[in-house]
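1. Pasting the sequence and the predicted coordinates here, then a few questions.
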Amino acid sequence: MAQALGLHPGMAVTQARALVPELDVRPADPQADMAVLVRLASFASRRWTPCAALSGADGLWLDLNGVAHLFGGERRLCERILRFCARLGFEAQIAVAGTTGTAHALARFSGQLITLCANGREVEAIAALPPAALRLESSAIGAARRFGIESIAELIAMPRGPLARRFGNHLLTRLDQALGRVGEPFDPIVAQDPPSASLRFVEPIASAEAIGQVLGDLVAMLMLQLEQRGLGARRLDLICDGVDGSAQKLGIGTAGASRDGPHLLRLLAMKIEQIAPGFGIEAMHLVAVRSEPLAPRQMNHSLGYKDSAVDLPPLIDRVASRIGASHIFRSSAVESDVPERSVRNIPPLTEPRQWPLDWPRPARLLPHPEPVEKVIAALPDQPPLRFSWRGETHRVRKADGPERIHGEWWKHGGEADAVRDYFQVEDEDGARFWLFRRGDGVDARTGDLRWYIHGVFA
Amino acid sequence: MVAALHEICGAGSSLNDDAAATLFVAGIAARLGSGSGTVLWIRARRDLFAPALAQAGLPPHRVIYADCSRDEDVLAVFEEGLRHGGLAAVVGEVGRASMTATRRLQLAAEDSGTMALMLKRWRRNGVDPLALPSAASSRWRIGCVPSEALPASGIGRPRWSIDLVRQRGGPAHHWIMEGIDEAGRLALPAGPSHRSAAADRREAPVRNVA
């Protein structure tokens, strides 16, 4: 599609825009691309072949030695991989060949979705391809073009001595790799199993004490593994296999990576009562489903010095396992002047932002502004003299305001003209309220001049 | 008195007195932990407005909120927070708490040295939240009273009636104070003898209850 419009990779954006004015330009994100590729490789190494590796920034090597027959042959396997990629939204080209160089060249330059190259026919397969298919340095490609060399066949036909002098040894190595004269090692991506610990029992267990005992052993085993790998657990799954073949899964999460055995055990112990042992449990597995690198931390060395940083994650974990992780949070400022939109809940271990402190804000904000009645107020900018809320009439003695807040037309189209005028008023008993009037009192488009209460001050 | 349980509630069932009690608690919590400790605030209803706490000296990086829907959860999380020992204070908004529950909290506060501030909120049925017996070291009622009139139009510092209903090993007491400032400090009004008539009117029923 892009090539048909005359665009090609490496083109300047301005040039591309000149060709196709309505072009949707997005910045490249090589790190994210690479992360996807690594995930794909680790998936492939679980699903299709034990040996998968990255090939440049845009390809994967899969070693199909001894695995193709499991999927019904190389072609069937290739079709399967293509279907999988299509489901993910990727277009892919696959080549199967006896050498890495040939496979690399065919996958990128053959122009077909699937290319199969029989063993020993590498020379014919790549003969017609341009020299660039050999993974050459750009200087060598340029030199080849200057010499009028259009295909790999011409390179193969030339004597090796002059070839090395003209283009460097690199070209010879690549050529030999493509033809299978030189081996090419690659660095496989090994899918790591998450750290886990398992215990099987001679006699099925059912009592809470026994389960608690086993949990202690499992946690100790898992902590040893995490320590060896330098990881801390973020999420643990406990799987209990029943005698009747059923499996129960319970999970705990932590607010920060943790390798603290007693703490994790306490979190798990809170879940024991949720386990239904049935006829008995014959095996238990503890898996660190999510883990993060956790380096050993330096202890405070000076005597008598009190560590100022409070160790909050254990507390947050314990509270979260009781009331749910979404119910423990910090409040952070949002860049909005509309009071009900100025607060956002963020995870408890992230750094919140402070609100501007210039304007008075009520201690209790009503969930929704409530209309007040029997308001007597002078237009356009006087506070009310009297109002009635929840059946009680309040006579205003002192007042401050207005603080004018405009609608956020850049977020909600309907608020283009909306205005709220906020007043802080005190009644004869000293009770302070936060009232607002919809509209600026002059222009009818800004609001219908009705009064609402939005919060109460102390 | 830091390592103890204190109960605070609004002088009346109005939301204003409740807001005064809330800010009174926020001011105490703000000045604990040499002004930098973390506070766990356990909410039962969703009407607390965090920017107001920031204006009372509790900026957002000092407060962790926990939302609980039931009183049992509030009390359990309350005790969890006290037993942790690293917090400056734990504030819990509670409807009712039994004698046993308050004794547990009082013991937890004594063990860990963390101040426990129980903010008792009026229910719709109008039953006084301080009517139940409790093991708290002190019990307070906070209410709004008319503030000093400014020479110009506008609103000055709020004024509260602060009633120490009961304290362990001491007499009850009553003050009229200026509400808290941006660092959470209360202030004595300039001239106590010039107290307004309305303030005296508000005082009388409170004394009877105490």
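-> Structure received.

2. alpha carbons only for contacts and neighbour counts from here, please
-> Fine.

3. do you know how far the residue of the stretch 151-300 of chain A found nearest chain B is from residue A:273?
-> Residue nearest to chain B within the stretch 151-300 of chain A: residue A:263 (12.2 Å; C-alpha to the nearest C-alpha). Computed as C-alpha to C-alpha, to the nearest Å, the residue A:263 to residue A:273 distance reads 18 Å.

4. neighbour count winner among these two?
-> residue A:263 (16 against 9; other C-alpha atoms under 10 Å in any protein chain shown).

5. Backbone dihedrals for residue B:167, both of them.
-> Backbone geometry at residue B:167, expressed as degrees, to the nearest 10, gives phi -140, psi 150.

6. The residue of the stretch 151-300 of chain A closest to chain B looks like it's in a helix, true?
-> Yes: with DSSP: H, G, I helix; E, B strand; the rest coil as the criterion, residue A:263 is located in a helix.

7. can you pull the contacts of it?
-> residue A:314 (C-alpha atoms under 8 Å, 6 or more residues apart in numbering or on different chains).

8. Any chance you could list what contacts the longest helix anywhere in chain A?
-> Counting residues, the longest helix found in chain A (DSSP state H) is helix A:208-229. The contact list for helix A:208-229 (C-alpha under 8 Å, 6+ apart) reads A:195-199, A:205, A:232-233, A:259-261, A:264-265, A:268-269, A:272-273, A:285-287.

9. Give me the buried positions along it.
-> A:211-212, A:214-223, A:225-226 (16 or more other C-alpha atoms under 10 Å in any protein chain shown).

10. could you redo the residues you listed as JSON lines and give each row pLDDT and distance to residue A:23?
-> As requested, the buried residues of helix A:208-229 are arranged in JSON lines below (pLDDT from 0 to 100; distance: C-alpha to C-alpha, whole Å):
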{"residue": "A:211", "pLDDT": "90", "distance to residue A:23": "62"}
{"residue": "A:212", "pLDDT": "90", "distance to residue A:23": "62"}
{"residue": "A:214", "pLDDT": "91", "distance to residue A:23": "61"}
{"residue": "A:215", "pLDDT": "92", "distance to residue A:23": "58"}
{"residue": "A:216", "pLDDT": "92", "distance to residue A:23": "60"}
{"residue": "A:217", "pLDDT": "93", "distance to residue A:23": "60"}
{"residue": "A:218", "pLDDT": "93", "distance to residue A:23": "57"}
{"residue": "A:219", "pLDDT": "93", "distance to residue A:23": "55"}
{"residue": "A:220", "pLDDT": "93", "distance to residue A:23": "57"}
{"residue": "A:221", "pLDDT": "93", "distance to residue A:23": "56"}
{"residue": "A:222", "pLDDT": "92", "distance to residue A:23": "53"}
{"residue": "A:223", "pLDDT": "91", "distance to residue A:23": "53"}
{"residue": "A:225", "pLDDT": "90", "distance to residue A:23": "51"}
{"residue": "A:226", "pLDDT": "90", "distance to residue A:23": "49"}
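
11. give me the number of residues near residue 166?
-> Let's take chain A. 14.

12. ah, I was thinking of chain B
-> 18.

13. is it fair to say it lies in a helix?
-> No: Residue B:166 is assigned strand when assessed by three-state DSSP, not a helix.

14. got a list of what it touches?
-> Residue B:166 neighbours (C-alpha under 8 Å, 6+ apart): B:137, B:138, B:139, B:140, B:172, B:210.

15. Would you format the buried residues of helix A:208-229 as a markdown table with distance to residue B:11 included?
-> Supplementary listing: the buried residues of helix A:208-229 in a markdown table, determined by distance: C-alpha to C-alpha, whole Å:
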| residue | distance to residue B:11 |
| --- | --- |
| A:211 | 51 |
| A:212 | 48 |
| A:214 | 53 |
| A:215 | 50 |
| A:216 | 50 |
| A:217 | 54 |
| A:218 | 54 |
| A:219 | 51 |
| A:220 | 53 |
| A:221 | 56 |
| A:222 | 54 |
| A:223 | 53 |
| A:225 | 58 |
| A:226 | 55 |
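
16. which one of those is nearest residue B:99?
-> The shortest approach to residue B:99 among those belongs to residue A:212, at 32.1 Å (C-alpha to C-alpha).
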